[in-house]
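Participant: Sequence first, predicted coordinates after that:
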Amino acid sequence: MQGFTELRLDPLDRLPISLAAHQGATLLSLLADAFGQRSQGVPPRWRRLVRSAISKSPEAILGPLFAPGSSVIPDCVTPTACMPGGDVATLCAQIADLPPDTLLAELGAEFGTTVPERWRPVVDRPRHWLHAYAQLSQCVWREFEPVWKQAKPHIQREAERVGAAVLQGCADLVFQDLSPRFRLQDGSLHLPDPQADTFRLNGRRLVLVPIVSGPGASMFALDRPDLVWIGYPLPAIGRMWEASASAPAPKADALSLVAGPLRAAILRAAAQSLTMGEVARLLGCSAANATHHCRQLADAGLIDRQQHGRHVRIRRTERGDAVVDLLSAVPASNCR
């Protein structure tokens, strides 16, 4: 059963909210999805792009960070350590220059004298691992950076949307629209987390961080003394998938070829329950256009549409799951 961590917010009319376009948060989401078996809903085209940056198996480097059932990333090497400022180039340089004793001290504080087996190679050769990790991160970002640059206008529009909502005293609408995986209830924001916990904002600044990866992106840090930050899917990210579909790629996106890029984006996102408003924001289109595409997918038995109070919510059916799984696995040579 999915657990949730609760962030107890301050009164919304006095809540200090800002937005950060942070490269490191997107990098972490991409690494988790492409190499860490932590699905973020990254489309196959972008996932292939990320994986193509690495010529050798990344298991020895990233395996300790994304162990099954747990995830421990020391603060000194996490791509979000410099939140809300910094960029990936600076981050990689800092990691490469990090004294090995700093990393070893953090691992000791986390695990004590019994370091898990997956971390033993890192403890044995910390400097080697730091250099390899910095180089891998730099290579991945070099491949993905053109996509990040394409996202800048969308991030700017999101900053304007959040700023306008806060000025108009509508911060609750901001939280309700962040992600279908988040839930605002009784003055608290509930965030999916297998290690459920409870935190209070207590006057700290809240930084919203749009993630350029997939509709399942979810990450946060709630224990810093100065601020808390919450990463969520960049609205209209489906529009970016559509725009990138015309660009040359090593392999074709079979699902987009068969269903069309917009309906493919809906099918991928509908692994989680979505309102029609959330679908429209995902695609960057009108509510009427989103409703049209969803009706076609429902008629084909690929999604289910249900009324929940004032909202119509959609979710992928078993048939839709099968179609996504089948067409996401089809190689390019079979699609042309």
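Facilitator: Received the coordinates, thanks. Numbers count the residues shown, from 1 in each chain.
Participant: how about the strands in the stretch 51-200 of the chain?
Facilitator: 183-185, 188-192, 198-200 (DSSP state E, counting those that start in this stretch).
Participant: Give the pairing partners of the longest one; include direction for each.
Facilitator: According to DSSP bridges, strand 188-192 has the following sheet partners: strand 4-8 (antiparallel), strand 183-185 (antiparallel).
Participant: middle-most residue in the chain, spatially?
Facilitator: Centroid-nearest residue in the chain: residue 217, 2.4 Å away (criterion: C-alpha atoms, centre = their mean).
Participant: Tell me the secondary structure of that residue, please.
Facilitator: Here residue 217 is coil, with the state taken from DSSP: H, G, I helix; E, B strand; the rest coil.
Participant: which stretch among the strands of the stretch 51-200 of the chain comes nearest residue 290?
Facilitator: strand 183-185 (21.7 Å; C-beta to C-beta). In this view, the C-beta of every residue, glycine as well, is placed from N, C-alpha and C.
Participant: measure the closest residue to residue 239 other than its chain neighbours to residue 240 for me?
Facilitator: For residue 239, ignoring the flanking residues on the chain, the nearest one in space by C-beta to C-beta, 6 or more residues apart in numbering is residue 284 at 3.5 Å. Going from residue 284 to residue 240 by C-beta to C-beta, to the nearest Å gives 8 Å.
Participant: what touches both of the two?
Facilitator: Here residue 284 and residue 240 have residue 154 as joint contacts, going by C-beta atoms under 8 Å, 6 or more residues apart in numbering.
Participant: In TSV: the strands of the stretch 51-200 of the chain, plus mean neighbour count and distance to residue 226.
Facilitator: Listed next are the strands of the stretch 51-200 of the chain as TSV, based on neighbours: other C-beta atoms under 10 Å; distance: least, C-beta to C-beta, whole Å:
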stretch	mean neighbour count	distance to residue 226
strand 183-185	15	23
strand 188-192	20	19
strand 198-200	14	14
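Participant: With mean pLDDT and distance to residue 135 as extra columns, can I get the ones you listed in JSON lines?
Facilitator: JSON lines is the format used below for these (pLDDT from 0 to 100; distance: least, C-beta to C-beta, whole Å):
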{"stretch": "strand 183-185", "mean pLDDT": "92", "distance to residue 135": "39"}
{"stretch": "strand 188-192", "mean pLDDT": "95", "distance to residue 135": "32"}
{"stretch": "strand 198-200", "mean pLDDT": "97", "distance to residue 135": "35"}
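Participant: Indicate which one of the ones you listed is closest to residue 118.
Facilitator: Of all the strands of the stretch 51-200 of the chain, it is strand 188-192 that lies closest to residue 118, at 23.9 Å by C-beta to C-beta.
Participant: And the contacts of the closest one?
Facilitator: Counting by C-beta under 8 Å, 6+ apart, 2-9, 175, 181-184, 218, 220, 230 sit against strand 188-192.
Participant: what about the closest residue in space to residue 277 that isn't next to it in sequence, neighbour count?
Facilitator: Nearest residue to residue 277 in three dimensions, chain neighbours excluded: residue 287, at 6.8 Å (C-beta to C-beta, 6+ apart). Residues within reach of residue 287, counting by other C-beta atoms under 10 Å, total 12.
Participant: how near is residue 287 to residue 208?
Facilitator: 23 Å.
Participant: Starting from residue 107, give me the distance back to the residue lying farthest from the centre of the chain.
Facilitator: Farthest-out residue of the chain from its mean C-alpha position, per C-alpha atoms, centre = their mean: residue 113, at 33.2 Å. Residue 113 sits 11 Å away from residue 107, taking C-beta to C-beta as the criterion.
Participant: next one: residue 283
Facilitator: Distance from residue 283 to residue 107, by C-beta to C-beta: 43 Å.
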